[in-house]
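A.B. asks: Provided below for reference: sequence and predicted model.
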Amino acid sequence: MVHLGPLGGLTGGTSKREVLRLYREIIRTANAFYWPNEKGEPWSAVLKRSARKEFEEARNETDPLIVARLVVVGQQCVNETRNKFNAMEEQIKN
C-alpha cells in the first residue's frame, strides 16, 4: 500500500488523492467486518491496523510505477473483498 504523508513519489498517473481515496475505501470496507476474531478483537480493528501498517511500510516509495501498481493492487483487493463479503451476506440471507 502507500503512505498518506509526504508521498514524494506520487507523480504521473497516481495522485495523492487516489492514494487517499483507496485508504478511505479500505477503512469503510473494514467497518463492515464487525464480528470479533478468536481473541475477541473486532475484525474491523484488525483490518484497519493492518492497512495502516502496509501504507506506512510504503511511505518512502518514490518510484511512480511501483506506487501506481500498489494502488491498483490495493483497489483490486478491496473490490474482491467486497464482492466476496456481499456474496456471503446474500447467501446467509437466503
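C.D. replies: Received, thanks. Because the structure is predicted, anything quoted here is derived from the model rather than measured.

A.B. asks: what helix or strand is Phe33 located in?
C.D. replies: Using DSSP states H and E, Phe33 is not contained in any helix or strand.

A.B. asks: do I have it right that it meets Ser44?
C.D. replies: Yes - between Phe33 and Ser44 a contact is recorded at 5.0 Å, counting by C-beta atoms under 8 Å. For every residue, glycine as well, the C-beta is placed using N, CA and C.

A.B. asks: Phe55 - how many residues pack around it?
C.D. replies: Neighbourhood size, Phe55 [other C-beta atoms under 10 Å]: 20.

A.B. asks: check what pLDDT it gets.
C.D. replies: On pLDDT, Phe55 comes in at 94.

A.B. asks: going forward can the numbers begin at 13, since that is how I track them
C.D. replies: Sure, I'll start counting at 13 from here, so that last one is Phe67.

A.B. asks: surely it meets Arg36?
C.D. replies: No - counting by C-beta under 8 Å, Phe67 stays clear of Arg36, with 11.4 Å between them.

A.B. asks: which SS class is the residue nearest the centre of the chain?
C.D. replies: Nearest to the geometric centre of the chain sits Ile38, at 3.7 Å (C-alpha atoms, centre = their mean). Of the three states, Ile38 takes helix according to DSSP: H, G, I helix; E, B strand; the rest coil.

A.B. asks: brilliant, that's me finished.
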